[in-house]
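> structure, please.
(chains A and B)
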Protein chains: 2
Amino acid sequence: MSFAGKVIDGDVRSVARLIRDIEDDMAEAREALKDLYGYTGNAHIIGITGAPGTGKSTLVEKLVEGFRGEGKTVGVIAVDPTSPFTGGAILGDRVRMQSHSTDKGVFIRSVATRGHLGGISRSTNDIINVLDAAGKDVIIVETVGVGQDEVEIVRMAHTTIVVLIPGMGDDIQAIKAGILEIGDIFVVNKADRDGAEKTVREIKDMLQSNRRQPGEWGPLVLQTQAVRGVGVPDLKSEINRHRSFLLEEGHIEPILEDRARQKLLDEIKDMVVGRILDRVEKRKDYQKVVQDLVLKVDNPYSQAERMVDEIIK
Amino acid sequence: MSFAGKVIDGDVRSVARLIRDIEDDMAEAREALKDLYGYTGNAHIIGITGAPGTGKSTLVEKLVEGFRGEGKTVGVIAVDPTSPFTGGAILGDRVRMQSHSTDKGVFIRSVATRGHLGGISRSTNDIINVLDAAGKDVIIVETVGVGQDEVEIVRMAHTTIVVLIPGMGDDIQAIKAGILEIGDIFVVNKADRDGAEKTVREIKDMLQSNRRQPGEWGPLVLQTQAVRGVGVPDLKSEINRHRSFLLEEGHIEPILEDRARQKLLDEIKDMVVGRILDRVEKRKDYQKVVQDLVLKVDNPYSQAERMVDEIIK
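Numbers count the residues shown, from 1 in each chain, chains lettered A, B, ... in the order given. Okay, the predicted model is just below:
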């Protein structure tokens, strides 16, 4: 059986190897991804985002339990688009997730920042495709809500969950931009803490002023206590209800189109930037051009224009 | 006087307008930047990075006071490469900085994430050039240490300061990657807290195992209590000493070359990506190609290869 064939067959070692190759940006991974693409499209992709400390990972762990209870297979991709400064946190969380490590119906993978910008959403997209083609029924993509990257990542999801906790105070105002538009379900976790009701109300107020079109999904606000499992069955039901909603009357079409378009453009960007930088760095006059910039004989803006004109048809 | 001429002359309104145009990615800004570039290269560029809550902004405020006391003019660029989730923090800090708001020798500007990835380091670089050409003696670039972006941003600095606080525990291990190599001065702020000495020792241990070449700058570890101004004069002296070190015997050359090279490549990347995406989106078959991807008739990897081949010489 071919390598891609083994991945489609769900072979765990082949899946793990392909994901590693994707992260290392190997040419072989690209070829396998071409072969796999036709087998994607069956998984329910769920994005979960929220600030550090909101208990996202525990929530994910409980959701995995829930979906497993329904007999569904689950893939989890934990994306940490943060720097060395905070890089340890999510990996620590992953250790806890190992409660699922002996379950063959669950595949968990952490993806950390590496390489150039934008690379993380591109490789996360590829990893989703791998797990999808490998037959996972549900794919949960968990990100820490700290940058443009994670907005791009949750845009790949069919169902997007935004996790908050009581007493985020003014921070709740800050989530307005960007996240409010993409959340399908808002979860106030750690709902036994003071101020849970207030936080729910604030989110609802914000959603009111951002009312969606008739026929669109009306975002929900739920309360959970993930550590004790409280509210998680309801959350799972609502996730499934959102899936059904999407599959009715073509609601999922724009999401699929948006993701296909984004993926095409991301691949083009990556390929173009790679080829062109390679070309520029191999120029015989490259070192002289840089020196001219240092000496202010020339400026980088004009020089870039000239080089690009030489390369693009 | 031309617009660029006014900026070089230090006219505050022209400087502010040009920075706004840069952030809005206006074509006019590009032309002005070309004209200004030859006037850059005199400022001492200081990068300050650290996790949220380390007191960076207070430290910056005190340093501004210190440099003003030496009769130097100062520009401050506060970069927040974080999302809506935490976006409020740094703006709050900025309000405090307004203690300098009536001082014409100080120019303060916040830059928030917007637009595509990588755009923030590109525009920060441009804003540095504006303040440099406008005659600021010292330019402080402050970033929150949460991503690849801020590593790129501090790489533009001549002197890089990494701020930590006591009791960061295991987090201190996490700073190893990336940041350790670029820090010229490490500051343990809030040094009146328990564990300051231990944190200093841990950083020194890490620096030991990462020893630099003879003739290179040996990174320092200092303690400060920014709120009370304790340790800030020493920090300022060491910053000035680092400046002198750089200007001796060509130590600054590699930094200037690195920044020029980075700037050239950033401009090329941005220009190429802009032109090519524009070209792709204007294709008559664009919508059909996306539909083929949704329907799995084609895959985005092969399609991207075909389109790029058509565009690059």
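> please enumerate the helices of the stretch 201-313 of chain A.
Along the stretch 201-313 of chain A, counting by DSSP state H, counting those that start in this stretch, helices occupy A:232-247, A:253-281, A:286-294, A:300-311.
> what distance separates the host helix or strand of A:Phe186 from the centre of its chain?
Following DSSP states H and E, one finds A:Phe186 within strand A:185-188. Put simply, strand A:185-188 sits 17 Å off its chain's centre (CA atoms, centre = their mean, to the nearest Å).
> returning to what we had before: which one, of the helices of the stretch 201-313 of chain A, ends up nearest to B:Gln208?
Ranking these by proximity to B:Gln208 (CB to CB) places helix A:286-294 first, at 33.0 Å. C-betas here are computed from N, CA, C, even on glycine.
> how many neighbours does A:Lys104 have?
9 (other CB atoms under 10 Å in any protein chain shown).
> please name the nearest non-neighbouring residue to it.
Spatially, and ignoring its direct neighbours in sequence, A:Lys104 is nearest to A:Val12 (7.1 Å; CB to CB, 6 or more residues apart in numbering or on different chains).
> pLDDT weak spots in chain A?
Within chain A, the stretches with pLDDT under 70 are A:80-101, A:112-119, A:145-150, A:168-179, A:210-211.
> so where do the strands sit in the stretch 1-150 of chain A?
Taking DSSP state E, counting those that start in this stretch to define them, one finds strands in the stretch 1-150 of chain A at A:44-50, A:74-80, A:106-112, A:138-144.
> in stretch A:252-264, what's buried?
Neighbour counts over stretch A:252-264 (16 or more other CB atoms under 10 Å in any protein chain shown) mark A:Ile255, A:Leu256, A:Arg259, A:Ala260, A:Arg261, A:Gln262, A:Lys263, A:Leu264 as buried.
> now what about it, what contacts it?
Among residues not part of stretch A:252-264, those counted as contacts by CB atoms under 8 Å, 6 or more residues apart in numbering or on different chains are A:41, A:125, A:152, A:155-156, A:158, A:246, B:280, B:289-291, B:293-294, B:300, B:303-304.
> what's the closest of these to A:Gly195?
A:Arg155 (30.0 Å).
> for that closest one, what are its contacts?
Residues near A:Arg155 by CB under 8 Å, 6+ apart: A:Gly47, A:Ile182, A:Asp258, A:Arg259, A:Gln262.
> how many neighbours does the first one have?
Going back to what we said before, that points to A:Gly47. Neighbour tally, A:Gly47, other CB under 10 Å: 28.
> identify the residues contacting it.
A:Ile140, A:Val141, A:Glu142, A:Thr143, A:Ile153, A:Val154, A:Arg155, A:Met156, A:Ala157, A:Thr159, A:Thr160, A:Ile161.
> tell me the SS of the nearest residue to it once chain neighbours are set aside?
Nearest non-adjacent residue to A:Gly47, counting by CB to CB, 6+ apart: A:Ala157, 3.0 Å away. Per DSSP: H, G, I helix; E, B strand; the rest coil, the local secondary structure of A:Ala157 is coil.
> what's A:Ala157 sitting at in phi/psi?
Torsion angles at A:Ala157 (phi, psi; degrees, to the nearest 10) stand at phi -80, psi 150.
> I'd say it and A:Val138 touch.
No: A:Ala157 is beyond contact range of A:Val138, at 11.2 Å (criterion: CB atoms under 8 Å).
> shared neighbours of those two, anything?
What both A:Ala157 and A:Val138 touch, as defined by CB under 8 Å, 6+ apart, is the set A:Ile46.
> pull up the gap between A:Gly231 and A:Asn189, please.
In this view, A:Gly231 and A:Asn189 are 8 Å apart by CB to CB, to the nearest Å.
> more neighbours: which of the two?
A:Asn189 (28 against 19).
> looking at it, that one is touching A:Gly55, isn't it?
Yes: between A:Asn189 and A:Gly55 there is a contact under CB under 8 Å: 4.6 Å.
> quick check: neighbours shared by these two?
What both A:Asn189 and A:Gly55 touch, as defined by CB under 8 Å, 6+ apart, is the set A:Val163, A:Ile165, A:Ala226.
> now render these as a markdown table, adding distance to chain B and neighbour count.
Below are the shared contacts of A:Asn189 and A:Gly55 laid out as a markdown table (distance: CB to the nearest CB, whole Å; neighbours: other CB atoms under 10 Å in any protein chain shown):
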| residue | distance to chain B | neighbour count |
| --- | --- | --- |
| A:Val163 | 11 | 25 |
| A:Ile165 | 12 | 20 |
| A:Ala226 | 19 | 24 |
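> out of these, which one sits closest to A:Leu207?
Distance to A:Leu207, by CB to CB, is smallest for A:Val163 among those, at 15.5 Å.
> quick one on the thing from earlier: among the contacts of stretch A:252-264, which ones are buried?
Buried among the contacts of stretch A:252-264 (16+ other CB under 10 Å): A:125, A:152, A:155-156, A:158, A:246, B:280, B:289-291, B:293-294, B:300, B:303-304.
> name the nearest of these relative to A:Gly69.
A:His158 (20.6 Å).
> what sits against that closest one?
Per CB under 8 Å, 6+ apart, neighbours of A:His158: A:His44, A:Ile45, A:Ile46, A:His242, A:Arg243, A:Leu246, A:Ile252, A:Ile255.
> and for A:Val294?
Taking CB under 8 Å, 6+ apart, one finds B:Glu253, B:Leu256, B:Glu257, B:Ala260 in contact with A:Val294.
> mind doing that once more with 7 Å?
B:Leu256, B:Glu257, B:Ala260 (CB atoms under 7 Å, 6 or more residues apart in numbering or on different chains).
> now do A:Asn129
Contacts of A:Asn129 by CB under 7 Å, 6+ apart are A:Leu33, A:Leu36, A:Tyr37, A:Thr40.
> next: A:Phe245.
Counting by CB under 7 Å, 6+ apart, A:Phe245 touches A:Trp217, A:His251.
> for chain B, see how far away it is.
Between A:Phe245 and chain B the distance is 19 Å, computed by CB to the nearest CB, to the nearest Å.
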